[in-house]
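Visitor: What follows is a predicted protein model with its sequence.
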Amino acid sequence: MHTYSAENHDWDLVLSFAHELLMLGQMLEETKFQKSSKNYFSCYTGSMILSFSAIESFSASVAFSLPEADGTSEFDFENYRSTYEFVPRINMLCGSIGIDVDWSQGLFHKIKRMQKWRNLVSHSKPYRIDPTIIRNTTSDPSRVHRKEFSKQFSREVTRDNAKLYYSTAFDYIDIVKENSGLDPRTHVSYTIG
């Protein structure tokens, strides 16, 4: 008789794809032929979304593994899983492995910024500019839209932000690995007996 067991963790694929899109975006942006088509914008957008998704996916993988790890066996994965808001989940996970979370600065401030941006992409809300008298058809429309800029995810999509998002995800994963001692990966095992 054989016994089979497996665990599936996809966070490393998600982070890898974020990096590939970042590199492709940079290459397309630097290629004169492609520059006019703005294909790099799609790559940066995808990289930024996947960078944030890697944070969420890695966090879930570590939370899943904590109940079986030394020193954190009392971690309640079901409570983590049933908590739907991002910030409380991260607080719960990081608190259990001794990471002080400060959402007002540093790494966690960047992660909060990433989450806010991702929500603009995933939950975008339309808005309306009511009829407004303008004098200059070239410059005035942007002035009229200015108060709504915070609702436009596209304003954040740049090479620098794509790099920032990827490096933030990488740094977060690194600190959680270091503090938890966990590096959950997909694996399969067979035993005979």
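Guide: Okay, I see it.
Visitor: Residues in contact with stretch 26-46: which ones?
Guide: 17-18, 21-22, 24-25, 121, 153-154, 157-159, 161-162 (C-beta atoms under 8 Å, 6 or more residues apart in numbering). All C-beta atoms are positioned from the backbone trio N, CA, C, and that covers glycine.
Visitor: Can you list the buried residues in it?
Guide: 26, 28-29, 40-41, 43-46 (16 or more other C-beta atoms under 10 Å).
Visitor: and what of stretch 17-26?
Guide: For stretch 17-26, by 16+ other C-beta under 10 Å, it's 17-19, 21-22, 24-26.
Visitor: Helices of this structure, start to end?
Guide: 11-30, 32-35, 39-65, 77-82, 86-96, 106-122, 140-145, 159-180 (DSSP state H).
Visitor: didn't T186 look like it was pressed against S57?
Guide: No. Contact between T186 and S57 fails when scored by C-beta atoms under 8 Å: they sit 11.9 Å apart.
Visitor: So for those two, which residue has more residues nearby?
Guide: S57 (20 against 13; other C-beta atoms under 10 Å).
Visitor: dump the residue contacts of the nearest residue to the more buried one once chain neighbours are set aside.
Guide: Once flanking residues are discounted, S57 sits nearest to W11: 3.8 Å by C-beta to C-beta, 6 or more residues apart in numbering. Residues counted as contacts of W11 (C-beta under 8 Å, 6+ apart) are 54, 57-58, 60-61, 173, 184.
Visitor: pLDDT-wise, which helix or strand of the protein ranks last?
Guide: helix 32-35 (a mean of 59; mean pLDDT, DSSP states H and E).
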